[in-house]
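*Asks:* Structure for this input, please:
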Amino acid sequence: MTQVVFSDDARGDPSDARAFYAAIADHLAARFAAEVERAVPLIGEHPSAWTPIGRGLRRVVVRRFPYVLVYREGVAVQRVIAVAHSRRTRYWRSRR
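*Replies:* Now for the predicted structure:
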């Protein structure tokens, strides 16, 4: 299993989404956080298994929510560069 780390930019992404869901219902915010946490080890266990999106990047879908974790595939470390809404796919493109 390889290590999965969040870039500085990506660290705030789940909090923003979680705040959105908390405004609707607290249980949705908790469920969203749990699903993001469930997806992280999947990246570390099978980094090459998820959908390639170009330039060494891949994405894994967050179950039950319209979000993806975008990560840069590496040998020893997988770097998550965005936790992005599936319809807002361009804002993170400048992240490294």
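
*Asks:* So for residue 67, what's the pLDDT?
*Replies:* pLDDT recorded at residue 67 is 94.

*Asks:* ok now do it, which residues does it touch?
*Replies:* Listed by Cβ atoms under 8 Å, 6 or more residues apart in numbering, the contact partners of residue 67 are 17, 32, 36, 61, 83, 84, 85, 86. Placement of C-beta: from N, CA and C, glycine included.

*Asks:* Secondary structure added to those, as a markdown table?
*Replies:* Conversion of those to a markdown table gives the following (DSSP: H, G, I helix; E, B strand; the rest coil):
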| residue | secondary structure |
| --- | --- |
| 17 | helix |
| 32 | helix |
| 36 | helix |
| 61 | strand |
| 83 | strand |
| 84 | strand |
| 85 | strand |
| 86 | coil |
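
*Asks:* which of the residues you listed are buried?
*Replies:* For the contacts of residue 67, a neighbour count by 16 or more other Cβ atoms under 10 Å gives the buried set as 17, 32, 36, 83, 84, 85.

*Asks:* burial count for the spatially closest residue to residue 19 that is not a sequence neighbour?
*Replies:* Excluding the flanking residues, the one nearest residue 19 by Cβ to Cβ, 6 or more residues apart in numbering is residue 29, at 7.5 Å. Per other Cβ atoms under 10 Å, the neighbour tally for residue 29 reads 17.
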